[in-house]
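Trainee: Sequence plus predicted model, see below.
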2 protein chains.
Amino acid sequence: MRGRRPGKCDTRGEILARARELFQEQGYAKTSMRSIARASNVDPSLMHHYFSCKSELFSECLLGKPTDFVPEEIADEVFQTTPVGELGNKLVLTMITAWESPGVSAAIRANLMSIGEDRLLVSQLQAAIRGIIGGRLAARMGDIDHVNLRASLVISQMVGLAIARYVFVEESDLARMEPQEIAEIMGPTIQRYLVGDVGV
Amino acid sequence: MRGRRPGKCDTRGEILARARELFQEQGYAKTSMRSIARASNVDPSLMHHYFSCKSELFSECLLGKPTDFVPEEIADEVFQTTPVGELGNKLVLTMITAWESPGVSAAIRANLMSIGEDRLLVSQLQAAIRGIIGGRLAARMGDIDHVNLRASLVISQMVGLAIARYVFVEESDLARMEPQEIAEIMGPTIQRYLVGDVGV
């Protein structure tokens, strides 16, 4: 287990830690709220006191601390310190690096497709990430137009990259290339989606 | 049901027709070889005489005739008749049109994420589509370099677009825009992946 160990009274932290392990080992689809309750020594009927549903719990596992993948921090790192002309390349490289960090890698690989079957979770994650990217982009670029569309375009290419790299593992050049090579290739795409002419 | 009705002796066609209906109604994950056998009035033990596994049967349902989505024909239409400078825009528009044709739309929507859990199927589909795009690209463009990588890049953005449009339905601008608008926006990306400088 990564990160701080929850104290004896930190039931919520204990649930999160056990959930993270189970999602990583079994995948999202096969992990039930009941099994997480059992692993955490929490009465199943009390689980909803802490998390309203499995998708909320998973979101917290994926996006909350302690993990290496905190989209707010990734977005801050990219948008606050990178020259505007290098935002695309930097975002691609930073995302791949985060995805492949030890705390995230297995969870992403185990769950990338199965989380897609949970509509509520997909909707929450997509909205959250779009908001994070769009918010940072607007903060950096002032009155840039089409912020939501730009964020959606970035997400579409990054989701496609994640699938090409972690799901099409055996067949895809994109699974085998170095992060820096992919950043060189996809950087211009993300750069245009972020700050270029998107033609609408 | 779309397309020709199978004759009495066309057991293979009958299986395919029933499988297409079941995949569309229930989704890939929930449809078993046994339930397809039952719907087709074929002894379950004989199913493997016609199709070695569920992923092969699904590939045939998705990519074989009669459907509106035959990637070879789509690729031929795009690569044989489009001016080189318009390949990207045309490919995006043609793909969206095919995905949203009556015979494909529901099957794509029902199965886009659940097929991702079947590694063999994903591997087959990805290799098939990469080969189709790469083959047509090479035929049109002669000695163009990095054909496999270019095809993988195109697939990564098209898969991301499909997910943005059909899975992130409630949250994504890309779900609501007209196909022609998306072709204008993503065309330059696909154009560069197909025939531009990919920086390797």
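Mentor: Cool, got the structure. What you see is a predicted model; the values in this text were computed from it and never measured. Residues are numbered from 1 along each chain as shown, chains lettered A, B, ... in the order given.

Trainee: Could you list every helix and strand that the strand or helix carrying residue A:148 packs against?
Mentor: Counting by DSSP states H and E, the secondary-structure element that holds residue A:148 is helix A:147-166. Contacts defined by 3 or more CB pairs under 8 Å, 6 or more residues apart in numbering or on different chains; DSSP states H and E place helix A:147-166 against helix A:87-99, helix A:102-111, helix A:119-141, helix A:173-176, helix A:179-195, helix B:147-166, helix B:173-176, helix B:179-195. All C-beta atoms are positioned from the backbone trio N, CA, C, and that covers glycine.

Trainee: What is the burial count for residue A:129?
Mentor: A count of neighbours around residue A:129, defined by other CB atoms under 10 Å in any protein chain shown, yields 21.

Trainee: typed the wrong thing, it's residue A:197
Mentor: Quick note: residue A:197 (other CB under 10 Å) scores 8 neighbours.

Trainee: Also the one 3 residues further on?
Mentor: The burial metric for residue A:200, expressed as a neighbour count using other CB under 10 Å, is 12.

Trainee: For it, list the residues it contacts.
Mentor: Applying CB atoms under 8 Å, 6 or more residues apart in numbering or on different chains, one finds that residue A:200 lies in contact with A:146, A:149, B:181, B:184-185.

Trainee: now those residues: which count as buried?
Mentor: Among the contacts of residue A:200, the ones that count as buried by 16 or more other CB atoms under 10 Å in any protein chain shown are A:146, A:149, B:181, B:184-185.

Trainee: Closest one of these to residue A:35?
Mentor: Within these, proximity to residue A:35 (CB to CB) peaks at residue A:149, which comes in at 39.8 Å.

Trainee: you'd agree that closest one is up against residue A:199?
Mentor: No - with contacts defined as CB atoms under 8 Å, residue A:149 does not count as touching residue A:199, sitting 10.6 Å away.

Trainee: which residues are in contact with both of the two?
Mentor: Taking CB under 8 Å, 6+ apart as the contact rule, residue A:149 and residue A:199 both touch residue B:185.

Trainee: Which one of the residues in chain A is closest to chain B?
Mentor: Of chain A, the residue with the smallest distance to chain B, taken as CB to the nearest CB, is residue A:160 at 2.7 Å.

Trainee: can I assume residue A:195 is in contact with residue A:87?
Mentor: Yes - judged on CB under 8 Å, residue A:195 makes contact with residue A:87 at a distance of 6.6 Å.

Trainee: ok, those two, which is more surrounded?
Mentor: Neighbour comparison, residue A:195 and residue A:87: the larger count goes to residue A:87, with 23 against 17 (by other CB under 10 Å).

Trainee: show me what contacts that one?
Mentor: A:78-79, A:190-191, A:194-195.

Trainee: before we move on, the earlier item: need the buried ones among the contacts of residue A:200 in a markdown table (columns: pLDDT and distance to residue B:44).
Mentor: Compiled in a markdown table, the buried ones among the contacts of residue A:200 are given as follows (pLDDT from 0 to 100; distance: CB to CB, whole Å):
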| residue | pLDDT | distance to residue B:44 |
| --- | --- | --- |
| A:146 | 95 | 53 |
| A:149 | 94 | 49 |
| B:181 | 96 | 47 |
| B:184 | 96 | 50 |
| B:185 | 96 | 48 |
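
Trainee: So residue A:162 sits against residue A:112, correct?
Mentor: Yes - taking contacts as CB under 8 Å, residue A:162 lies within contact range of residue A:112: 6.2 Å.

Trainee: do stretch A:71-82 and chain B meet?
Mentor: No - using CB under 8 Å from any CB of the partner chain, stretch A:71-82 stays clear of chain B, coming no nearer than 15.2 Å.

Trainee: Quick one: distance of that stretch to the chain centre.
Mentor: The chain centroid and the centroid of stretch A:71-82 are separated by 14 Å, computed with CA atoms, centre = their mean, to the nearest Å.

Trainee: and it, C-alpha only, in CSV?
Mentor: Written as CSV, here are the backbone C-alpha positions of stretch A:71-82 (Å, rounded to 0.1, in the frame of the first residue of the first chain):
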residue,chain,number,x,y,z
PRO,A,71,-5.1,15.9,-12.0
GLU,A,72,-5.2,19.3,-10.3
GLU,A,73,-1.5,19.1,-9.5
ILE,A,74,-0.7,17.8,-13.0
ALA,A,75,-2.6,20.6,-14.6
ASP,A,76,-1.0,23.2,-12.3
GLU,A,77,2.4,21.9,-13.1
VAL,A,78,1.8,22.1,-16.8
PHE,A,79,-0.1,25.3,-17.1
GLN,A,80,1.7,27.5,-14.6
THR,A,81,5.3,26.8,-15.6
THR,A,82,5.4,25.9,-19.3
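
Trainee: With distance to residue B:62 as new columns, can the helices and strands packed on helix A:147-166 be given to me in a markdown table?
Mentor: Compiled in a markdown table, the helices and strands packed on helix A:147-166 are given as follows (distance: least, CB to CB, whole Å):
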| stretch | distance to residue B:62 |
| --- | --- |
| helix A:87-99 | 28 |
| helix A:102-111 | 24 |
| helix A:119-141 | 22 |
| helix A:173-176 | 22 |
| helix A:179-195 | 27 |
| helix B:147-166 | 13 |
| helix B:173-176 | 21 |
| helix B:179-195 | 20 |
